[in-house]
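Asker: dropping a prediction and its sequence here:
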Amino acid sequence: MDIGQLRSALTGEINPALSNTDGNELASVLIVIYGKIPFIIMTEKSKNLKVHGGEISFPGGKWCEQDSDLLETAIRETKEELCLEIPREHVIGQLDDVITLNSRYRITPFVAILDVIPTLTANSEVESILHIPLESFLNTMSEDNLPEHRSIQEMYTFTFEKHNVWGASARMLKQINTLLSDKNLL
């Protein structure tokens with residue numbers, strides 16, 4: 001799988017408008033994929049965070065009133081967390097919203113594909129930045145059978161080195177896995 005095939009498979013409609021009828025807090029993330037042999041960027045959240053501390057996730061966060069839409073939230077949060085500025089025109093698609101089970105966030109995931117990225121610098125919310133080979137990472141998918149994670153029907157885990165990705169981030173990765181499998185890229 002090369003970056004061109006990936007771009008073709010993940011390009012889609014973008015609708016960053018604010019809409020929430022289920023009472024969950026609005027949030028968004030930016031799934032950044034880069035390189036000729038595609039890598040995906042994820043972060044290990046600081047263990048000091050009150051919500052989702054120590055978890056592996058995509059850069060992003062809660063919508064705030066100065067954000068015009070959810071894409072602006074994802075771009076702003078990515079810049080804050082990683083010192084990575086992504087222009088709106090580099091955002092090529094959007095995945096289905098995912099709801100966190102415990103913190104009750106409705107997360108809108110956006111996808112950006114870049115040829116290269118600059119050196120990234122983590123802020124205090126980020127323990128470490130992970131550069132993960134996308135194809136081999138997606139092939140680690142398995143069902144999450146932990147009883148405390150089974151309150152939703154579709155739960156998955158992905159593994160990179162010593163890190164386990166589960167919950168909302170894993171459900172986003174599952175969407176990418178499905179889109180790429182449907183195009184026979186995995």
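Answerer: Everything's here; your move.
Asker: quick one: strands adjacent to the lowest-mean-pLDDT helix or strand in the chain?
Answerer: Using mean pLDDT, DSSP states H and E, strand 142-143 stands out as the lowest-scoring helix or strand of the chain, at a mean of 80. Take DSSP bridges as the rule and strand 142-143 pairs in its sheet with strand 156-160 (antiparallel).
Asker: what's the mean pLDDT across the partner strand?
Answerer: The average pLDDT within strand 156-160 is 87.
Asker: right, and the helix or strand after it?
Answerer: Stepping forward along the backbone from strand 156-160, the first helix or strand reached (DSSP states H and E) is strand 163-165.
Asker: how far does that following strand sit from its chain's centre?
Answerer: The gap between the average C-alpha position of strand 163-165 and the chain average comes to 13 Å, counting by C-alpha atoms, centre = their mean, to the nearest Å.
Asker: for the chain, which spans come out with low pLDDT?
Answerer: Per-residue confidence for the chain (pLDDT under 70) gives these ranges: 20-21, 49-54, 144-154.
Asker: which residue ranges form the strands in it?
Answerer: Using DSSP state E, the strands of the chain run over 25-34, 39-45, 56-57, 60-62, 91-94, 98-99, 105-114, 126-133, 142-143, 156-160, 163-165.
Asker: which residues make contact with the least confident helix or strand of the chain from outside it?
Answerer: Taking contacts as C-beta atoms under 8 Å, 6 or more residues apart in numbering, the residues outside strand 142-143 that touch it are M155, Y156, T157. Placement of C-beta: from N, CA and C, glycine included.
Asker: pick the one among those residues closest to L173.
Answerer: Closest approach to L173 among the contacts of strand 142-143 (C-beta to C-beta): Y156, at 7.2 Å.
Asker: so what's that closest one bridging to?
Answerer: Bridge pairing for Y156 (DSSP bridges) gives the partners E143.
Asker: surely it meets R171?
Answerer: Yes - applying C-beta atoms under 8 Å, one finds Y156 in contact with R171, separated by 6.7 Å.
Asker: ok, back up a step: now render the strands of the chain as CSV, adding mean neighbour count and distance to E85.
Answerer: As requested, those are arranged in CSV below (neighbours: other C-beta atoms under 10 Å; distance: least, C-beta to C-beta, whole Å):
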stretch, mean neighbour count, distance to E85
strand 25-34, 23, 11
strand 39-45, 21, 14
strand 56-57, 22, 20
strand 60-62, 21, 15
strand 91-94, 19, 12
strand 98-99, 18, 25
strand 105-114, 24, 11
strand 126-133, 16, 15
strand 142-143, 10, 35
strand 156-160, 19, 25
strand 163-165, 17, 25
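Asker: a markdown table please, covering those strands and showing distance to E80.
Answerer: What follows is those, written out as a markdown table (distance: least, C-beta to C-beta, whole Å):
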| stretch | distance to E80 |
| --- | --- |
| strand 25-34 | 11 |
| strand 39-45 | 12 |
| strand 56-57 | 14 |
| strand 60-62 | 8 |
| strand 91-94 | 17 |
| strand 98-99 | 21 |
| strand 105-114 | 16 |
| strand 126-133 | 10 |
| strand 142-143 | 32 |
| strand 156-160 | 23 |
| strand 163-165 | 21 |
